[in-house]
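[1] Provide a 3D model corresponding to the input given below.
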Amino acid sequence: MGSGLFYPFFDDSFPFMKTTQRISLHGGHSGQYCNHAKDLLEDIILRYIELGFTKVGITEHVPPINDHFLYPDEKVLNLTVDDLQKRFKDYFKNLKNLKKKYSSKIQIFVGMETESNADYIHQIKNLISRFQPDYIVGSMHHIDGDCFDYSKTDYDKIASTCGSYEAMYERYFDLQYEMIKTVKPFVVGHFDLIRIYDENYKKRLLLPQIAQKIERNLNLINSLNLVMDFNLRPCAKGGKEPYITGSILRRAKEMGIRVVPGDDSHGVNEVGGHIDKAIEILRALGFDTQWPDPRLLT
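    Numbers count the residues shown, from 1 in each chain. The predicted model follows:
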């Protein structure tokens, strides 16, 4: 993977056209069902409709398998796994009702975003059987049970446990490979999230031992005909480029992997953020913008 790429992420000088093909296949986190989000799920859906989206995937996080995997904000609130399982049940009931309520205005795909905890595959199979989601987003937020994306302190601690930042990256992509192979999510979420607190991620992702694992994972995604998430969450937080970074995006294009925008919104004010520019960037790079409808593959 080379580093050179025409990839003018969200430079105000980059020309783009508004599109009627707005879509997000990774988004819609709400304060009802996610403690680090805000607003009501229905208000978020109404905002998608207001912005002219004709299709959207709502993908709330699955509940953890035990209290060890609770996020810090959930622990502060003294929530338990049982609490989150009940909340997740309510999420599916509410979202399926909203899907019917607004079916004449927008096509809603009822999804869930996986984790990568120990024994997660059994949990995912049980959740699929119980709730019958339309599709799955396969994401990585943990390395060997420890959450790396919540704070820089936790991120650095995990890197230290792994032995180095490079070793942490390698472990991340190994765990991601197993997740993709086992879960077969229709959408692979924020593929390079492991770079979240690393200022030197562009160079680190190109290191041979890491690039080799990225290439392996991209080959698996391609062989399974999965979709990669062009995740715009970093841009909502002031970042310069989405997940995935330019070098990986270029390689995905060369391999013919489909890439679809996801706003990864965590509230009404983030719905649809940067979607138009993201679509025009994908078009400029030659990606197909006839978006596929998500489906359950597991």
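
[2] Keeping just the C-alphas, turn the lowest-mean-pLDDT helix or strand in the chain into CSV.
    Sorting the helices and strands of the chain by mean pLDDT, DSSP states H and E puts helix 233-236 at the bottom, at a mean of 77. This file holds the C-alpha atoms of helix 233-236, laid out as CSV (Å, rounded to 0.1, in the frame of the first residue of the first chain):
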residue,chain,number,x,y,z
ARG,A,233,-17.1,9.9,13.1
PRO,A,234,-13.6,11.4,13.2
CYS,A,235,-14.7,14.4,11.1
ALA,A,236,-17.5,15.1,13.6
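
[3] What's the first helix or strand after it?
    helix 246-255 (DSSP states H and E).

[4] Which other helices and strands does that next one contact?
    Packing contacts for helix 246-255, counted by 3 or more C-beta pairs under 8 Å, 6 or more residues apart in numbering; DSSP states H and E, involve helix 201-205, helix 208-223, strand 258-262. Bear in mind the C-beta positions are built from the backbone N, C-alpha and C, glycine included.

[5] how far does it sit from the chain's center?
    17 Å (C-alpha atoms, centre = their mean, to the nearest Å).

[6] Can I get it in CSV, CA atoms only?
    C-alpha atoms of helix 246-255 as CSV (Å, rounded to 0.1, in the frame of the first residue of the first chain):
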residue,chain,number,x,y,z
GLY,A,246,-6.3,7.0,2.3
SER,A,247,-3.8,4.3,1.7
ILE,A,248,-6.3,1.6,2.8
LEU,A,249,-9.1,3.2,0.8
ARG,A,250,-7.0,3.2,-2.3
ARG,A,251,-6.2,-0.5,-1.9
ALA,A,252,-9.9,-1.3,-1.3
LYS,A,253,-10.7,0.4,-4.6
GLU,A,254,-8.0,-1.6,-6.4
MET,A,255,-9.5,-4.8,-5.1
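
[7] Stretch 263-282 spans what distance, first to last residue?
    14 Å (C-alpha to C-alpha, to the nearest Å).

[8] Kindly provide the whole-number mean pLDDT of it.
    Mean pLDDT, computed over stretch 263-282, is 91.

[9] where in the stretch 1-150 of the chain is pLDDT low?
    Residues of the stretch 1-150 of the chain meeting the criterion pLDDT under 70: 1-20, 117-119.

[10] Quick one: the strands in it, in order.
    In the stretch 1-150 of the chain, the segments counted as strands under DSSP state E, counting those that start in this stretch are 23-27, 55-61, 107-113, 135-138, 142-143, 146-147.

[11] tell me what the fifth one is packed against?
    Packed against strand 142-143, as judged by 3+ C-beta pairs under 8 Å, 6+ apart, are the following elements: helix 165-183.

[12] Give the pairing partners of whatever helix or strand comes next after the helix it packs on; include direction for each.
    Following helix 165-183 in sequence order, the next helix or strand is strand 187-188 (DSSP H and E). Note on strand 187-188: by DSSP bridges, its sheet partners are strand 135-138 (parallel), strand 227-231 (parallel).

[13] Mean neighbour count for those strands - can I get that in CSV?
    Shown next, in CSV, are the strands paired with strand 187-188 (neighbours: other C-beta atoms under 10 Å):
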stretch, mean neighbour count
strand 135-138, 26
strand 227-231, 26
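
[14] give me every residue that touches the residue nearest the centre of the chain.
    With distances taken as C-alpha atoms, centre = their mean, Gly189 lies nearest the centre of the chain, 3.1 Å away. Counting by C-beta atoms under 8 Å, 6 or more residues apart in numbering, Gly189 makes contact with His26, Thr59, Glu113, Val137, Gly138, Ser139, Met140, Asp229, Asn231, Gly262.

[15] again, only this time at 6 Å
    Each residue near Gly189 by C-beta atoms under 6 Å, 6 or more residues apart in numbering is listed here: His26, Val137, Ser139, Asp229.

[16] pretty sure the third one contacts Glu113?
    Yes: under the criterion of C-beta atoms under 6 Å, Ser139 is in contact with Glu113, at a separation of 5.3 Å.

[17] the more surrounded of these two?
    Ranked by neighbour count (other C-beta atoms under 10 Å), Ser139 and Glu113 place Ser139 first, with 27 against 24.

[18] Name the nearest residue to that one, sequence neighbours excluded.
    Of all residues not flanking Ser139 in the chain, Gly189 sits nearest, at 3.5 Å (C-beta to C-beta, 6 or more residues apart in numbering).

[19] before we move on, back to that, any chance of the contacts of Gly189 in JSON lines, plus distance to His122?
    Formatted as JSON lines, the contacts of Gly189 follow (distance: C-beta to C-beta, whole Å):
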{"residue": "His26", "distance to His122": "24"}
{"residue": "Val137", "distance to His122": "19"}
{"residue": "Ser139", "distance to His122": "18"}
{"residue": "Asp229", "distance to His122": "24"}
